[in-house]
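Peer 1: sequence? don't have it. structure:
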């Protein structure tokens, strides 16, 4: 998506606002726009590497590095002690990949192409994996709620409990294991399916990097990641100021803004593919990304947080867990018949807007 590169102009503006103007609000805005551009560039570099490595390794690269931008932003936020923001961004990223991207894909694709069809078996695998991830996030939450009730204490969202730490680490290990096993299954030669026309998903993205060599792709990957670390630091450092000036809660910013910054380029790819009547690839992009965030990124952050001394757990607020469960349910209902239309897209978007309204007012 070459037009996203115009947003790279926001990168030097973020440097200017942070180091010279010392304007926190401008730093927040330009760093967010710069991260959007760099996440797109990072995606192009990954796709270019995938083109050089063949379908199997390319699929593995996309499966393991597809949410690199999201991981960089959340790790920087963890280092800054913004655990609430990190957990909210996980919730928002899952909701975006379950509701917003499929919803817009089905809406725009349906309006242009009418009723669209996709591989219900592949959608079922991702739907089941997402259900498993919600179970994994719900168990630590239910565990701690029950412990609080047994102690006769009021429910707290900021919990310090050694037993919860141990449970979260155990759940994180199991989620990572099942994610790796899902890769073994999905990337097996018999299960890797080509996109229409004989192209693999990596080859089907017409707007990926053109003619990049392996060395150039690796260079872009390294440089864009390094700049993203700096911009993420600026963005996270400006969150408190943005919360105060914009009137939004940290939870709302985490659920809505941070996932948008890290995943917007990937979201646009999924929507474009649906518009081109390639709903299979569209769902692979969105549901695959959601599965990776829930089963790999979130559990990894549990272990990464230990290095920063913050001890993030998989205890989410009951509202977050309930919304995630409802999102998985409605997405599974819509995907089970292997076909979609514009009305189903509207339904998914409305569910997301209802959730966003709840996070805004909670």
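Peer 2: Received the coordinates, thanks. Quick caveat, the model's predicted, so the values are computed rather than measured. Residues are numbered from 1 along each chain as shown.
Peer 1: what about stretch 102-114, distance to the chain center?
Peer 2: Distance of stretch 102-114 from the chain centroid (Cα atoms, centre = their mean, to the nearest Å) equals 21 Å.
Peer 1: for it, which positions count as buried?
Peer 2: For stretch 102-114, burial by neighbour count (16 or more other Cβ atoms under 10 Å) applies to 102-110, 113. All C-beta atoms are positioned from the backbone trio N, CA, C, and that covers glycine.
Peer 1: what is the mean pLDDT for it?
Peer 2: In this model, stretch 102-114 has an average pLDDT of 92.
Peer 1: other residues contacting it?
Peer 2: 116, 267, 270-271, 273-275, 277, 279, 282-283, 286-287, 331, 334-335, 340-349, 351-352 (Cβ atoms under 8 Å, 6 or more residues apart in numbering).
Peer 1: all helices for the stretch 251-362 of the chain, in order.
Peer 2: With DSSP state H, counting those that start in this stretch as the criterion, the stretch 251-362 of the chain has helices at 279-292, 298-308, 318-335, 342-361.
Peer 1: so which of these is the most packed in?
Peer 2: helix 279-292 (a mean of 26; mean count of other Cβ atoms under 10 Å).
Peer 1: which strands and helices sit next to that one?
Peer 2: helix 24-65, helix 83-95, helix 101-113, helix 120-151, helix 162-186, helix 201-204, helix 250-275 (3 or more Cβ pairs under 8 Å, 6 or more residues apart in numbering; DSSP states H and E).
Peer 1: tabulate those (a markdown table), appending distance to residue 315.
Peer 2: Converted to a markdown table, these look like this (distance: least, Cβ to Cβ, whole Å):
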| stretch | distance to residue 315 |
| --- | --- |
| helix 24-65 | 27 |
| helix 83-95 | 8 |
| helix 101-113 | 27 |
| helix 120-151 | 5 |
| helix 162-186 | 6 |
| helix 201-204 | 35 |
| helix 250-275 | 14 |
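Peer 1: which of these sits most buried?
Peer 2: When the helices and strands packed on helix 279-292 are compared using mean count of other Cβ under 10 Å, helix 83-95 is most buried, at a mean of 26.
Peer 1: residues touching it, excluding its own?
Peer 2: With contact meaning Cβ under 8 Å, 6+ apart, helix 83-95 is reached by 67, 70, 73-74, 77-78, 130, 133, 236, 239, 250-256, 258-260, 262-263, 289-290, 293-294, 297-298, 301, 305, 310, 312, 316, 320, 323-324, 327, 352, 355, 359.
Peer 1: please apply the same query to stretch 23-30.
Peer 2: Residues from elsewhere that reach stretch 23-30 (Cβ under 8 Å, 6+ apart): 10-11, 13-14, 17-18, 234-235, 237-239, 241-242, 245.
Peer 1: rerun that using 7 Å as the cut-off
Peer 2: 10, 13-14, 17-18, 234-235, 238, 241-242, 245 (Cβ atoms under 7 Å, 6 or more residues apart in numbering).
Peer 1: quick check on these: which are buried?
Peer 2: 10, 13-14, 17-18, 234-235, 238, 242.
Peer 1: OK, contacts around residue 228?
Peer 2: Taking Cβ under 7 Å, 6+ apart, we find residue 228 in contact with 35, 38, 69, 72.
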